[in-house]
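Peer 1: Fold the following.
(2 chains)
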2 protein chains.
Amino acid sequence: MLTVEYDPLNGWNSPEIKPYGPLSLDPASTCFHYCPCVFEGMKAYMGPNGEPRLFRPELNLARLLRSAKRATLPDFDPDAVLALLKRLIAVEARWIPDKPCHSLYIRPTIIGTRPSIGVAPTDDYGMLYIILNPSAPFFLPGVGKPLSFLAVEDRVRAWPGGTGAYKMGGNYAPAFESQKEANRRGYDQNLWLIGENRQICEAGLMNFLVVVKREDGDVDVMTPELDGTILPGVTRQSILELADAHTAGRTTLPGLSPTMKIHTHERLLTMPEVRQWNADGTLLEVLACGTASIVVPLARVGFEGEDVVFKKYEDGYGPVGKALWQRLVDIQEGRFEWEGWSVPC
Amino acid sequence: MLTVEYDPLNGWNSPEIKPYGPLSLDPASTCFHYCPCVFEGMKAYMGPNGEPRLFRPELNLARLLRSAKRATLPDFDPDAVLALLKRLIAVEARWIPDKPCHSLYIRPTIIGTRPSIGVAPTDDYGMLYIILNPSAPFFLPGVGKPLSFLAVEDRVRAWPGGTGAYKMGGNYAPAFESQKEANRRGYDQNLWLIGENRQICEAGLMNFLVVVKREDGDVDVMTPELDGTILPGVTRQSILELADAHTAGRTTLPGLSPTMKIHTHERLLTMPEVRQWNADGTLLEVLACGTASIVVPLARVGFEGEDVVFKKYEDGYGPVGKALWQRLVDIQEGRFEWEGWSVPC
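Peer 2: Next up is the predicted model:
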């Protein structure tokens, strides 16, 4: 693990890479009481020449900085943290599983550590640490089971003027009761809605996308817009950019025809709309995406007491989902070079 | 401090009262990442015969249990925790300052400690601990300066379907940026509004009350209703109950005439209404209340770019605020017996 502490006298102290072990913290530390706690999820992949690689790490570190500012945690230089992270991964590279689609999950975390129960910003005391965990693939085509989500109608994950767009720890515990309820009723995760029109937000751990057939034979890929209530996912952004590149003829996604256009839309998306497209037969694929899961297909969403059951495909994915998954994995594992997204450590 | 840990094998382990010192926690503990962290604020007072006393502790522990359930933390028996707390206070009674209006602040805290970064409920691993801190009075009549609040219009503290009614740590860090802004602009705290009608919620650390003159010569005491977006404060509840008891003739609040009726209302209260009553001259007193502050008068609220400046009184409080403050302090310090609210340890 890597740790570096911030205090009002020295600012950021010297970082340490040391064996994994417990943190020792004053029980009055702000993190336990007021939860100025922010984090990121990233992964290190083993490249074809045995060199560890990160995927668009600058996007995660920029988001970590935005989250830290929102929680009034100490400011930091994201380039300096990236340099530390690369060093950590280089030192610990033996923990990256050398198997396809496996990776080393990376959890950069910043917590407020001011030892005082006064309710006040905690930009004077903090700790940044990074822990690592070897991880197996979340979903593999032909092997994995498409996911099921339960739409949440009685609670909300985030709201305008809140912290839904930041990776703040306090966004997660409030979702646990709904998660238990979803699991008890046989669903994998929740799908968070907001407002009278039952606008789709995100899954809490993943962003949400639909692929819809157009009258001209092309497809629309639609995902909720970044209105402040959803996390601006790195995988979400990468998917939109790859789809746009395909449509612009700058690349051809695996298994798709170069003439098949994918039109991307970040827009308000409601659950009744999705249900209607499904009934019409125009809804081709429903996907969720995130760092841990990359891209996964959805089988169904429980909504208003019934399951909206989506189109099934042989190996779980429809063609668009599979093309995106394959291209992302190829970039992440260093087999396909694309715009500097895969960064050797 | 008192600590007691919960694990899946043993449930709640043996509680320990031990010297104040750091907690040692796995860096993957859920509390650092997903913030299943709940707490209470309570106080111990030195009674007239030198015996330590608590104020309505069963209300705080019932709320702690509700918060813990909302955060999917381990279940507990509030009576057992009250017994532990009384024992802790009896052991540490020398830390209760033996001066009027001073007390020993008590911070019961429960954090999730499952050592795993999997995003999941944490009802299997937790730690309950209680730390103590001698505290001076927040506000004294004739000495303290009435507070100023800055109304928040661009951000929201809580939302229907959220966790505003629970004392969850994750409610607090999102407020720190607005708190910095308030302090920078010369205000003590924020006043949280919600919705198009600019409905008043609470101050983040205190509930909000107004005293309004009626045409029949009585007064109305109004406070936002418990609609799920505000914390159900113990002091708030006690104030409403004392005012009702006065009006019912069951007691006479200090300094008030027994014939002066106080009509209590828990209702939707908007900032434009408060501004209008202030302009009309019917707004007599504006108060905030909480465990730390008991009851404090407000001097002004910054709203829509201007200060709404309230009626001034000689020693800070108007008559209703002062009567409530005096009676609460008398009950808390064991000089006035009222319905078992003050509990010897």
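
Peer 1: secondary structure class for A:Cys31?
Peer 2: Three-state call for A:Cys31 (DSSP: H, G, I helix; E, B strand; the rest coil): helix.

Peer 1: would you list every one of the helices in the stretch 151-300 of chain A?
Peer 2: Applying DSSP state H, counting those that start in this stretch to the stretch 151-300 of chain A gives helices spanning A:176-184, A:234-247, A:271-280.

Peer 1: CSV please, covering those and showing distance to chain B, mean pLDDT and mean neighbour count.
Peer 2: Using the backbone N, CA and C atoms, a C-beta is placed for each residue, glycine as well. Shown next, in CSV, are the helices of the stretch 151-300 of chain A (distance: least, C-beta to the nearest C-beta, whole Å; pLDDT from 0 to 100; neighbours: other C-beta atoms under 10 Å in any protein chain shown):
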stretch, distance to chain B, mean pLDDT, mean neighbour count
helix A:176-184, 4, 97, 18
helix A:234-247, 16, 98, 21
helix A:271-280, 16, 98, 16
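
Peer 1: A:Ala136: which of those is closest?
Peer 2: Among these, helix A:234-247 comes nearest to A:Ala136, with 17.6 Å by C-beta to C-beta.

Peer 1: Packing partners of that closest one?
Peer 2: helix A:57-70, strand A:207-213, strand A:219-224, strand A:262-267, strand A:283-290, strand A:294-303, helix A:319-332 (3 or more C-beta pairs under 8 Å, 6 or more residues apart in numbering or on different chains; DSSP states H and E).

Peer 1: can you list contacts of that helix?
Peer 2: A:55-56, A:59-60, A:63, A:207, A:209, A:221, A:223, A:251-253, A:256, A:258, A:261-264, A:266, A:289-291, A:294-295, A:320, A:323-324, A:327-328, A:338, A:341 (C-beta atoms under 8 Å, 6 or more residues apart in numbering or on different chains).

Peer 1: Taking helix A:57-70 as reference, get the angle to that helix.
Peer 2: 140 degrees (axes from the mean of the first three to the mean of the last three C-alpha atoms, to 10 degrees).

Peer 1: Tell me, how many residues neighbour A:Ile96?
Peer 2: 23 (other C-beta atoms under 10 Å in any protein chain shown).

Peer 1: and it, what does it touch?
Peer 2: The contact partners of A:Ile96, by C-beta under 8 Å, 6+ apart, come to A:Ala44, A:Tyr45, A:Met46, A:Pro52, A:Ile89, A:His102, A:Ser103, A:Leu104, A:Pro134.

Peer 1: Ok, which of the helices and strands packed on helix A:234-247 comes nearest B:Cys35?
Peer 2: So among those, helix A:57-70 is nearest, using C-beta to C-beta, at 12.7 Å.

Peer 1: next structured bit after that closest one?
Peer 2: As assigned by DSSP states H and E, the chain's next helix or strand after helix A:57-70 is helix A:78-91.

Peer 1: Give the rounded mean pLDDT of whichever helix or strand comes after that following helix.
Peer 2: Using DSSP H and E, the helix or strand that follows helix A:78-91 in sequence is strand A:103-112. The average pLDDT for strand A:103-112 rounds to 98.

Peer 1: Return the distance of strand A:103-112 from the chain's centre.
Peer 2: 13 Å (C-alpha atoms, centre = their mean, to the nearest Å).

Peer 1: Now A:Arg56: closest residue in space that isn't a chain neighbour?
Peer 2: In space, and not counting its chain neighbours, A:Arg56 is closest to A:Trp341: 5.1 Å by C-beta to C-beta, 6 or more residues apart in numbering or on different chains.

Peer 1: Just want the residue of chain A that's nearest chain B.
Peer 2: Closest approach between chain A and chain B, counting by C-beta to the nearest C-beta: A:Gly170, at 2.4 Å.

Peer 1: since we're on that residue, how many residues are nearby?
Peer 2: Based on other C-beta under 10 Å, the number of other residues close to A:Gly170 is 27.

Peer 1: residues near the nearest residue to A:Asp188 once chain neighbours are set aside, how many?
Peer 2: Nearest residue to A:Asp188, sequence neighbours excluded (C-beta to C-beta, 6+ apart): A:Leu147, at 4.6 Å. A:Leu147 has 23 neighbours, counted by other C-beta under 10 Å.

Peer 1: for A:Leu147, what are its contacts?
Peer 2: A:Phe139, A:Asp188, A:Gln189, A:Ala288, A:Val296, A:Pro297, A:Leu298, A:Ala299 are the contacts of A:Leu147 under C-beta under 8 Å, 6+ apart.

Peer 1: can you check A:Gln199 too?
Peer 2: A:Leu193, A:Pro224, A:Leu268, A:Leu269, A:Thr270, A:Met271.

Peer 1: mind redoing it with 10 Å?
Peer 2: A:Trp192, A:Leu193, A:Pro224, A:Glu225, A:Asp227, A:Thr229, A:Leu268, A:Leu269, A:Thr270, A:Met271, A:Pro272, A:Glu273 (C-beta atoms under 10 Å, 6 or more residues apart in numbering or on different chains).

Peer 1: just to revisit the earlier point, out of the contacts of A:Ile96, what pair is the most spread apart?
Peer 2: Taking C-beta to C-beta, the two most distant members of the contacts of A:Ile96 are A:Ile89 and A:His102; they sit 14.7 Å apart.

Peer 1: Any regions of chain A where pLDDT drops low?
Peer 2: The model of chain A has no residue with pLDDT under 70.

Peer 1: Break it down into its structural domains.
Peer 2: Here the domain parsing of chain A from automatic domain parsing is A:2-135, A:147-335.

Peer 1: do you know which of these lies nearest B:Ala93?
Peer 2: Nearest to B:Ala93, of the domains of chain A and by C-beta to C-beta, is domain A:2-135 at 20.2 Å.

Peer 1: who in the stretch 201-345 of chain A is up against chain B?
Peer 2: Taking C-beta under 10 Å from any C-beta of the partner chain as the criterion, the neighbours of chain B within the stretch 201-345 of chain A are A:Gly204, A:Leu205, A:Ala292.

Peer 1: how far does stretch A:311-328 sit from the chain's center?
Peer 2: 18 Å.

Peer 1: buried residues in that stretch?
Peer 2: A:313, A:316-328 (16 or more other C-beta atoms under 10 Å in any protein chain shown).

Peer 1: and what of stretch A:24-37?
Peer 2: So for stretch A:24-37, counting by 16+ other C-beta under 10 Å, buried means A:25-37.

Peer 1: can you pull the contacts of the residue of chain A closest to chain B?
Peer 2: Neighbour list for A:Gly170: A:34-38, A:71, A:162-163, B:34-37, B:163, B:168-174 [criterion: C-beta under 10 Å, 6+ apart].

Peer 1: Look up how far A:Ser293 lies from the residue nearest to A:Asp188.
Peer 2: 8 Å (C-beta to C-beta, to the nearest Å).

Peer 1: what's the overlap in contacts for these two?
Peer 2: Contact criterion C-beta under 10 Å, 6+ apart; residues shared by A:Leu147 and A:Ser293: A:Phe138, A:Phe139, A:Gln189, A:Ala203, A:Met206, A:Leu287.

Peer 1: Format these as a markdown table; extra columns: neighbour count.
Peer 2: Output for the shared contacts of A:Leu147 and A:Ser293, formatted as a markdown table (neighbours: other C-beta atoms under 10 Å in any protein chain shown):
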| residue | neighbour count |
| --- | --- |
| A:Phe138 | 16 |
| A:Phe139 | 21 |
| A:Gln189 | 22 |
| A:Ala203 | 26 |
| A:Met206 | 27 |
| A:Leu287 | 27 |
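
Peer 1: So the residue nearest the centre of chain A versus A:Leu328, what's the distance?
Peer 2: Using C-alpha atoms, centre = their mean, the residue of chain A that lies closest to the mean C-alpha position is A:Gly290, 3.3 Å off. Using C-beta to C-beta, A:Gly290 is found at 11 Å from A:Leu328.

Peer 1: now swap in A:Gln276 and tell me
Peer 2: Distance from A:Gln276 to A:Leu328, by C-beta to C-beta: 30 Å.

Peer 1: Also A:Asp26?
Peer 2: Counting by C-beta to C-beta, the gap from A:Asp26 to A:Leu328 is 42 Å.
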